[in-house]
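Student: Structural data only, the sequence is not supplied:
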């Protein structure tokens, strides 16, 4: 493996958060766990997961809904804070995944092993095959270009904001350290592994109500922690749908947020499969944005 800046980035995402978690647990064991630190951790986990799932995934990758410019800018910023690289690279990877899902050209296919699908694929190549031709629409988008240009700034803000907030609430440098650890580094590790679990677990374990041409599964145990991302077979059956839940009992907080935005006119053109379409259990990738790029 040739060592590059991208390799260094991948090593940082793999090594720093778990080491930070061990230190944060030791620190909490010694002096107690602060509600402000843990509250900041939970809040930023939710916000950055929404940035990835509602923003990077459903909006920018699949164009499953349209939204007000400042909503789009906020989603792009929150997704960038997750430290999964910029929106342009993320979308290029994801669209390639859909084009070749569970085939040899899939960047993170579990056919090469669960560890490869989870995060090992990051160390193979910084760019998926033919990825640049799948992001031409994003290169024309000023909000996306701005988010891409300021990616490093957003990552730093995702570390600084929790330190400043918790430090201010506790009026202490120790509180600032706790906010930096829990709301910054530990949060990055947890969010990354939750998102990577979609590539690994949700292409191997779960139920498959739709017979898509890949191995995507709905994993209901992960639905709440991933805010609806793990209803993955539903998503692969209808990639351009903004709503992953197809039954009242399926949990899709990201979809609920999109519906809330729609109800306040901050989002519109919200795609969703019809009742008739959901009755067809043998769907095989309906023609959509991903297929045409």
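Tutor: Ah, there it is. Fair warning: this is a prediction, and the values are worked out from it, not measured in the lab.

Student: The host helix or strand of residue 72: which residues count as buried?
Tutor: Using DSSP states H and E, the secondary-structure element containing residue 72 is helix 69-81. For helix 69-81, a neighbour-count test (16 or more other CB atoms under 10 Å) marks 71-81 as buried. Yep, even glycine has a C-beta here, placed from its N, CA and C like the rest.

Student: export the residues you listed to CSV and tack on pLDDT and distance to residue 10?
Tutor: Output for these, formatted as CSV (pLDDT from 0 to 100; distance: CB to CB, whole Å):
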residue, pLDDT, distance to residue 10
71, 98, 30
72, 98, 28
73, 98, 27
74, 98, 27
75, 98, 24
76, 98, 22
77, 98, 22
78, 98, 22
79, 98, 18
80, 97, 17
81, 97, 18
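
Student: and which of these is nearest to residue 259?
Tutor: Checking those against residue 259 with CB to CB, the nearest one is residue 71 at 13.6 Å.

Student: isn't the closest one right up against residue 267?
Tutor: Yes: if you go by CB atoms under 8 Å, residue 71 and residue 267 touch, sitting 6.8 Å apart.

Student: Identify the contacts common to those two.
Tutor: Applying CB atoms under 8 Å, 6 or more residues apart in numbering, one finds that residue 71 and residue 267 are jointly contacted by residue 261.

Student: How many neighbouring residues does residue 174 have?
Tutor: 13 (other CB atoms under 10 Å).

Student: Residue numbering should commence at 37 henceforth.
Tutor: All set: I'll call the first residue 37, so the last point we hit is now residue 210.

Student: Kindly calculate the angle that the following helix or strand past the helix holding residue 108 makes with helix 105-117.
Tutor: Using DSSP H and E, the helix or strand that follows helix 105-117 towards the C-terminus is helix 123-135. Per axes from the mean of the first three to the mean of the last three CA atoms, to 10 degrees, the angle that helix 123-135 makes with helix 105-117 is 80 degrees.

Student: so after helix 123-135, what's the next helix or strand?
Tutor: helix 150-154.

Student: Buried residues in the helix or strand just after that next one, which are they?
Tutor: The C-terminal neighbour of helix 150-154 among helices and strands, as given by DSSP H and E, is helix 172-175. Residues residue 174 are the ones in helix 172-175 that count as buried (16+ other CB under 10 Å).

Student: how many degrees apart are the helix or strand just after helix 172-175 and helix 123-135 in direction?
Tutor: Helices and strands here follow DSSP H and E; after helix 172-175, the next one along the chain is helix 178-185. For helix 178-185 against helix 123-135, the angle by the same axes, to 10 degrees is 110 degrees.
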